[in-house]
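[1] Structure of the sequence below:
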Amino acid sequence: PQPTRPNMNGAVSMDASLWGVDAATLERYDGFFRSVDVSHAGAIDGAQGVAFFVTSGLPRPVLKQVWAAADITRDGKLDLVEFRNAFHLVTLLRENRVSSNQIPARLDPNGPFHVHVMSAGTAQPAASTSSGAGHAIDLPLGPETTPHMSQM
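    Coordinates of the predicted model:
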């Protein structure tokens, strides 16, 4: 069930428990990150992100919302932690477990909406390390050589 109470940003809130995953899922997300980060820079840029996430079939405006929420450092790139959050949110959207009006303003690893490994019998998230400030990015259309989300 999807809660329907608006948050401070006017978005409809979602259940934080949707963000707990098992270790195998987290490793799968990491594998996708490694396949997109072909230069091993430790981050993907907007072109790489679009080329990958556009294969999800989600509308471009929704993907821009996801990117803006995930890019908490506002550097126009997604590091591994930011990518995990974007990937997971795209997955939740594709599975209709959340709707686009539930996308939070930020997928802050210190807040309730971030991917974390659930330990047996607990809802405590694993630690993560992305923070900072910078600038937003306009996502350009990238090359078609990136792995597809349909390979999930």
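[2] now what about stretch 85-97, what contacts it?
    2, 14, 18-19, 21, 29, 32-33, 49, 53, 56-58, 62-63, 66-67, 69-70, 78, 98-100, 103, 107, 109, 113-115, 149, 152 (CB atoms under 8 Å, 6 or more residues apart in numbering). Glycine gets a C-beta too; all of them are placed from N, C-alpha and C.
[3] Buried ones among those?
    Buried residues within those, counting neighbours by 16 or more other CB atoms under 10 Å: 14, 18-19, 21, 29, 32-33, 49, 53, 56, 58, 62-63, 66-67, 69-70, 78, 98, 103, 107, 109, 113-115, 149.
[4] Among these, which are located in strands?
    Those of the buried ones among the contacts of stretch 85-97 mapping onto strands are 21, 78, per DSSP state E.
[5] The buried ones among the contacts of stretch 85-97 in helices, which ones?
    Those of the buried ones among the contacts of stretch 85-97 mapping onto helices are 29, 32-33, 49, 53, 62-63, 66-67, 69-70, per DSSP state H.
[6] Pull the most distant pair out of the residues you listed.
    Phe33 and Val62 (20.3 Å; CB to CB).
[7] what's the helix or strand for the residue positioned nearest the centre of the chain?
    Nearest to the geometric centre of the chain sits Ala86, at 1.0 Å (CA atoms, centre = their mean). Using DSSP states H and E, the element containing Ala86 is helix 80-94.
[8] Next SSE downstream of that helix?
    strand 116-117.
[9] Measure how far that following strand is from the centre of its chain, please.
    13 Å (CA atoms, centre = their mean, to the nearest Å).
[10] what mean pLDDT does that strand have?
    Averaging pLDDT along strand 116-117 gives 91.
[11] What is that strand packed up against?
    Here strand 116-117 touches strand 20-21, going by 3 or more CB pairs under 8 Å, 6 or more residues apart in numbering; DSSP states H and E.
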